[in-house]
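[1] Return atomic coordinates for the entry below.
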Amino acid sequence: MDFFTLLFIAVGLSMDALAVSISSGLTIPSVNSSHGLKIAFSFGFFQALMPILGWVAGSSLRRYIEGVDHWIALALLSLVGVRMIYEALTGHDSGDPLIATEPRVLLLLSVATSIDALAVGLSFSLLHVPLFPAVLIIGVTTFLFSGAGVYLGKIATAHLGRFVEILGGLILVAIGVKILLEHLQLLP
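    Residues are numbered from 1 along each chain as shown. Below you'll find the predicted structure:
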């Protein structure tokens, strides 16, 4: 998998964290660099950890599912992407605002925004994607997006969070389709 494909996957995965960072920025009374760094580090760390866990699980199952790995990657990425779009359009993920820098809240948000990356890690294992570069790109991208999101939250409208989740979902579905088309040799 080339750098740009990994970058697009990282951007797609980062959209949940960006949306949550923006809404977190709206709820933090006076945002400072410490708030932004805490949220960015936590989101980036968990977004990098989950693909590792998914990759390890996928490595042990690889020999059983190699013949259909491209279909599994399409299904997992599409499922995650469609779920992100559905939640953004229906508002099922909305609730009372929480202060994201409280340790329990930050841990919960970090895990919740990175669950999707677990499925992506499983796909990486099935597609024999080198783990270190993928995890590094995902973690750094999420760190940067989340840090910026906290500050954007102070100036963003409430609807921007839904837009970025929809965009992230569309990117993940598109990557899944691209993987399938490459495997079917319909793309170079």
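[2] ok, which stretches of the protein are strands?
    Taking DSSP state E, the chain contains no strands at all.
[3] which stretches of it have low pLDDT?
    Of all residues in the chain, those with pLDDT under 70 make up the ranges 26-27, 29, 62-63, 65-67, 69, 92-100, 154-162, 164-165, 168.
[4] contacts for stretch 176-188?
    By CB atoms under 8 Å, 6 or more residues apart in numbering, the residues outside stretch 176-188 that reach it are 5, 70-71, 73-78, 81, 123, 127. (Each C-beta comes from the backbone N, C-alpha and C, glycine too.)
[5] Drop anything exposed from the residues you listed.
    70, 73-74, 76-78, 81, 123, 127 (16 or more other CB atoms under 10 Å).
[6] Relative to residue 145, which of the residues you listed is nearest.
    residue 81 (16.8 Å; CB to CB).
[7] Correct me if wrong: the closest one contacts residue 120.
    No. Under the criterion of CB atoms under 8 Å, residue 81 lies out of contact with residue 120, with a separation of 10.6 Å.
[8] Could I get the full set of helices for the protein?
    In the chain, helices defined by DSSP state H lie at 3-27, 33-65, 69-90, 103-126, 131-152, 160-183, listed in chain order.
[9] So which elements touch the first one?
    Put plainly, it is helix 3-27. Under the contact definition 3 or more CB pairs under 8 Å, 6 or more residues apart in numbering; DSSP states H and E, helix 3-27 sits against helix 33-65, helix 69-90, helix 103-126, helix 131-152, helix 160-183.
[10] If I take it and helix 69-90, what angle do their directions form?
    Inter-element angle recorded for helix 3-27 and helix 69-90: 20 degrees (by axes from the mean of the first three to the mean of the last three CA atoms, to 10 degrees).
[11] what's the angle between helix 3-27 and helix 131-152?
    Going by the same axes, to 10 degrees, helix 3-27 is angled at 30 degrees with respect to helix 131-152.
[12] so how far is helix 3-27 off the chain centroid?
    For helix 3-27, the gap between its own C-alpha mean and the chain's C-alpha mean amounts to 6 Å (CA atoms, centre = their mean, to the nearest Å).
[13] what's around residue 31, how many residues?
    In terms of burial, residue 31 registers 18 neighbours under the definition other CB atoms under 10 Å.
[14] Isn't it up against residue 25?
    Yes. Between residue 31 and residue 25 there is a contact under CB under 8 Å: 5.7 Å.
[15] Please consider this matter closed, and thank you.
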